[in-house]
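Student: Predicted coordinates and the sequence they were generated for:
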Amino acid sequence: MISTTDLWLPILLSAVGVFIASSILHMVIPIHKGDFKKLPGEERILAEMRSQGVQPGSYRFPFAVTMKEMGSPEMLEKLKRGPVGISTVLPSGPCNMGKSLILWFLYSIMISAFAAHLAAQGLSRGGSFKSIFHLTALAATLGYVVGHLPESIWKGQQWSTTFKFVLDGVLYAIVTGLTFGWLWPGVNL
């Protein structure tokens, strides 16, 4: 049996590999360039939101407080007229990219740690590269991919956008699996 603590190096290096891969995908290859669109009449809409005192948070529109209200003729008419949507309002000011990148790296370490823990339960020292890759990449896929699907199922995100994040996640899972396969204690290539 192998301990999760024996796997600190592949945990850390796989997170570094994912960080590098994600940086390339988001800064060099413009795959996510069209994920968001500008609101028509943005200045007027933003001015009205400011005048209404909209605070950071998640909003649904039109909004019904109860299920009964959701089925009312007035709400059904609002839904029919549109627009219908979900919006996330962030705190005012520039994006804190440093904080986001640190949190992303910590998230990647967490996914790798979960993959390591799972693999340590089912594999032993000197396991085959194929088995190590398969198990750790599969575990990483759960962390990097599956969480994006509800964005299209429940929140209306375009499936094409979700599919791009799924492809990103599969690449991150492959990086994770390769790293663990390479650095697994006593791996049999």
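Tutor: Everything's here; your move.
Student: Which residue ranges make up each domain of this protein?
Tutor: When the chain is parsed with automatic domain parsing, its domains come out as 4-36+95-183, 42-89.
Student: With mean neighbour count and mean pLDDT as new columns, can those domains be given to me in CSV?
Tutor: Every C-beta, even on glycine, is put in place using the N, C-alpha and C of the backbone. Formatted as CSV, these follow (neighbours: other C-beta atoms under 10 Å; pLDDT from 0 to 100):
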stretch, mean neighbour count, mean pLDDT
domain 4-36+95-183, 17, 95
domain 42-89, 11, 95
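Student: Can you add distance to Leu189 and give the ones you listed back as CSV?
Tutor: CSV is the format used below for the domains of the chain (distance: least, C-beta to C-beta, whole Å):
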stretch, distance to Leu189
domain 4-36+95-183, 5
domain 42-89, 46
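Student: ok, His117 - contacts?
Tutor: Contact analysis of His117 by C-beta atoms under 8 Å, 6 or more residues apart in numbering lists Thr4.
Student: What helix or strand is it located in?
Tutor: Assessed by DSSP states H and E, His117 sits inside helix 97-122.
Student: show me what contacts Trp159?
Tutor: By C-beta under 8 Å, 6+ apart, the contact set of Trp159 is Ser152.
Student: So it versus Ser152, what's the distance?
Tutor: Distance, Trp159 to Ser152, using C-beta to C-beta, to the nearest Å: 5 Å.
Student: Quick check: the residue of the chain most remote from its centre vs Pro62, distance?
Tutor: Within the chain, Pro73 marks the point farthest from the mean C-alpha position, 37.1 Å out by C-alpha atoms, centre = their mean. According to C-beta to C-beta, Pro73 and Pro62 sit 13 Å apart.
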